[in-house]
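Asker: please find the sequence and the predicted model below.
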There are 2 protein chains.
Amino acid sequence: MRDVTVLTETDLRACVPLNLAAIDVVEAAFRALATGEVVMPPILSMDLPMVNGEVDVKTAWIPGFDGFAIKVSPGFFDNPKQGIPSLNGLMILFDAKTGLVDALLLDNGYLTDVRTAAAGAVAARHLAPETVETAGVVGTGVQARLQLEAAYLVRPFRKVLVWGRNADKADACARDIGRALGVETTVAASAETVVRESDLVVTSTPSREPLIQAEWLHPGLHITAMGSDQDGKNEIDPTAIAAADLYVADRLSQCAVSGEWQAVLAKGLDGGRTPPELGVVIAGAEAGRRRPDDITIVDLTGTGAQDTAIATHALACARSAGAGSVIQT
Amino acid sequence: MRDVTVLTETDLRACVPLNLAAIDVVEAAFRALATGEVVMPPILSMDLPMVNGEVDVKTAWIPGFDGFAIKVSPGFFDNPKQGIPSLNGLMILFDAKTGLVDALLLDNGYLTDVRTAAAGAVAARHLAPETVETAGVVGTGVQARLQLEAAYLVRPFRKVLVWGRNADKADACARDIGRALGVETTVAASAETVVRESDLVVTSTPSREPLIQAEWLHPGLHITAMGSDQDGKNEIDPTAIAAADLYVADRLSQCAVSGEWQAVLAKGLDGGRTPPELGVVIAGAEAGRRRPDDITIVDLTGTGAQDTAIATHALACARSAGAGSVIQT
């Protein structure tokens, strides 16, 4: 007989907050991606046009972690008609040395939200200017909120600018961020204002046309582009990426097919470069920001390594808290 | 709140026997593979040489089924040193229209055993001679036993011949089959004897060299080759497959890379043919066995469609039996 811990979304929301511990464990996973013998197969993707759905499966085995996660992310886009969220899913945590199931994390995507925001904070920690006065966000969804909450933990800014195409959603997002962080938060008139007036910008939209133009970039700017995660998505003008002092990919092979690097390659603006990955910068094998005036851009498509990191962390948190239930199998 | 049913291996062994209902649901999945808009992505495979392990993830969405399964099969081959089985794993059953989790099937591979044996019975039902006097098996593992139990449900034979390289294991396997089916079961002197003296033969070994030679084939023979499921595996001499009246693949794209068809292609013995798939034969779109004297060979590599079929069936069985526990999420 063996114990399998089962944690629901309620359990996980209670015991796995978006905090520095979550950021640190995701940073450790990125460092391992660069330095260790990580095994991270390509994403298994299943399109289900007949039910307007899709399913992605991600995984990674990371040396030094007790477990590895397999994450299943279904997206069924007719669900809202029935009052059900489109995005759901769960993670399964396996023992790294025996492959036995340790935990079932029925998080409905909550842990993905946390690990995605945590990656933004890791990027900000290593690439944003030392001092951030104003942080901006283009996009008004869950990640717009969580990315700024996470960034605030590593770069405590004084002011927030929010822009989104839908003014009501931008208002609501600004109100939520202002309340969560207790900093002055305003809706900006345009994406251009956000970029021109911020030191750190997060883009978190599903855009397929660049929202950020190259001429808006200014010395000392850091951008975390986390919206693009599929073929055809694009938030940043590829000439902006070509012009930046440093572009960093979370995983270059993924960014080339589902991140901002796609558009750079499509326009032939890569200049034959192989940009560094975030883990390599974290490990110190390649420089991050060199000068206060550098313009840096990081491209986050989401990696199975983050899933393994957050799932391992979640089980540890739940065990300390005595949360969840146990099934004997 | 939503109910998720959790079923352990003990629950599943009690309420999902290898019976005609299991065979029928697997047959329906194969039929759908041929006729419907099934979505079955390539297997996600992760090799973990540093821990002598591997993990496979299979899935398929099948029209007409209420759910789809994602199956995770870890194989960690140092586990027996600690007294733990090498093969484990679980299936997750999702609602086919919303992607919400319906059930967690912590089966440790039991449902895979059932659906694999059921596929052998489906093949026998459509390809074996109407009357089978003697059934033979080459191999002495769990599938050697279950394949004959399943075949017996569709072709009730009178005699069983068993052969394996290890005489003690062959003895134990013959004893188990004889006890389970109540038919005369003997250990044969060679694989050749098994093939020459049987009407239906199952091969269930991990062999990488042909165990079955072409000159042993005789009129009215049906072979189910179910051992090959990886690059480099091979149980049947490819000239035997070329010489058979009919060769049928469970999924040709899989058989070409992990089944018996690999060796046929490698030797250039395919003659430019595109062999039929089992589902097409079940659906009647291509003929199965035409004459009593035909020699037929079916190549089973294992499909995600079978996993979806057995997982859906298992949840239905468990609900009728009131088995398992429920987690609210």
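Answerer: Everything's here; your move.

Asker: and the helices in chain A?
Answerer: A:9-15, A:20-35, A:110-127, A:142-154, A:167-181, A:191-197, A:238-243, A:252-258, A:261-266, A:278-283, A:304-321 (DSSP state H).

Asker: dump the ones you listed to CSV, plus mean neighbour count and distance to chain B.
Answerer: For glycine as for every other residue, the C-beta is placed from the backbone atoms N, C-alpha and C. Listed next are the helices of chain A as CSV, based on neighbours: other Cβ atoms under 10 Å in any protein chain shown; distance: least, Cβ to the nearest Cβ, whole Å:
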stretch, mean neighbour count, distance to chain B
helix A:9-15, 18, 6
helix A:20-35, 22, 13
helix A:110-127, 26, 11
helix A:142-154, 24, 18
helix A:167-181, 17, 24
helix A:191-197, 20, 32
helix A:238-243, 20, 30
helix A:252-258, 19, 15
helix A:261-266, 20, 21
helix A:278-283, 23, 18
helix A:304-321, 24, 9
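
Asker: relative to residue A:217, which of those helices is closest?
Answerer: For residue A:217, the closest of the helices of chain A is helix A:238-243, at 5.7 Å, according to Cβ to Cβ.

Asker: packing partners for the closest one?
Answerer: helix A:261-266 (3 or more Cβ pairs under 8 Å, 6 or more residues apart in numbering or on different chains; DSSP states H and E).

Asker: center of chain A - which residue?
Answerer: For chain A, the residue nearest the mean C-alpha position is residue A:116 (2.6 Å; Cα atoms, centre = their mean).

Asker: distance of that one relative to residue A:166?
Answerer: Note on residue A:116: its distance to residue A:166, by Cβ to Cβ, to the nearest Å, is 21 Å.

Asker: and residue A:318, by the same measure?
Answerer: Separation of residue A:318 from residue A:166 (Cβ to Cβ): 37 Å.

Asker: repeat for residue A:14
Answerer: As for residue A:14, its distance to residue A:166 is 31 Å (criterion: Cβ to Cβ).

Asker: cool, residue A:140 as well?
Answerer: 7 Å.

Asker: could you check the angle the strand ranked longest in chain A makes with helix A:110-127?
Answerer: Longest strand in chain A by number of residues, with DSSP state E as the criterion: strand A:67-76. Computed by axes from the mean of the first three to the mean of the last three Cα atoms, to 10 degrees, the angle separating strand A:67-76 from helix A:110-127 equals 110 degrees.

Asker: helices or strands up against strand A:67-76?
Answerer: Secondary-structure packing of strand A:67-76 (3+ Cβ pairs under 8 Å, 6+ apart): strand A:53-60, strand A:90-95, strand A:101-106, helix A:304-321, strand B:90-95.

Asker: what's in contact with the first one?
Answerer: This points to strand A:53-60. With Cβ atoms under 8 Å, 6 or more residues apart in numbering or on different chains as the contact definition, strand A:53-60 has outside contacts at A:29, A:33, A:38-41, A:43-48, A:68-78, A:302-305, A:307-308, B:44, B:46, B:55, B:57, B:59, B:70, B:94, B:99.

Asker: ok, now the second one?
Answerer: By Cβ under 8 Å, 6+ apart, the residues outside strand A:90-95 that reach it are A:66-72, A:100-108, A:111, A:307, A:310-312, A:314-315, B:55, B:72, B:74, B:90, B:92, B:101.

Asker: filter the residues you listed to the buried ones?
Answerer: Among the contacts of strand A:90-95, those classed as buried by 16 or more other Cβ atoms under 10 Å in any protein chain shown are A:67-72, A:100-108, A:111, A:307, A:310-312, A:314-315, B:55, B:72, B:74, B:90, B:92, B:101.

Asker: just so I know, which of the helices and strands packed on strand A:67-76 lies nearest residue B:174?
Answerer: Among the helices and strands packed on strand A:67-76, strand B:90-95 sits nearest to residue B:174 (Cβ to Cβ), with 31.5 Å.

Asker: pairing partners for that closest one, with directions?
Answerer: strand B:67-76 (antiparallel), strand B:101-106 (antiparallel) (DSSP bridges).

Asker: taking strand A:53-60 as reference, get the angle to the longest one.
Answerer: Between the direction of strand B:67-76 and that of strand A:53-60, the angle (the same axes, to 10 degrees) works out to 10 degrees.

Asker: could you check the angle helix B:304-321 makes with strand B:67-76?
Answerer: 110 degrees.

Asker: the last one now?
Answerer: Between strand B:101-106 and helix B:304-321, the angle formed by their directions is 90 degrees, by the same axes, to 10 degrees.

Asker: got the contact list for strand B:101-106?
Answerer: Around strand B:101-106, the neighbours that count as contacts under Cβ under 8 Å, 6+ apart are A:4, A:6, A:88-90, A:101, A:104, A:106, A:327, A:329, B:4-9, B:12, B:67, B:69, B:90-95, B:111, B:311, B:314-315, B:318, B:324, B:329.

Asker: one more pass at 6 Å, please.
Answerer: The contact list for strand B:101-106, computed with Cβ atoms under 6 Å, 6 or more residues apart in numbering or on different chains, reads A:90, A:104, A:329, B:4-8, B:67, B:90-95, B:311, B:314-315.
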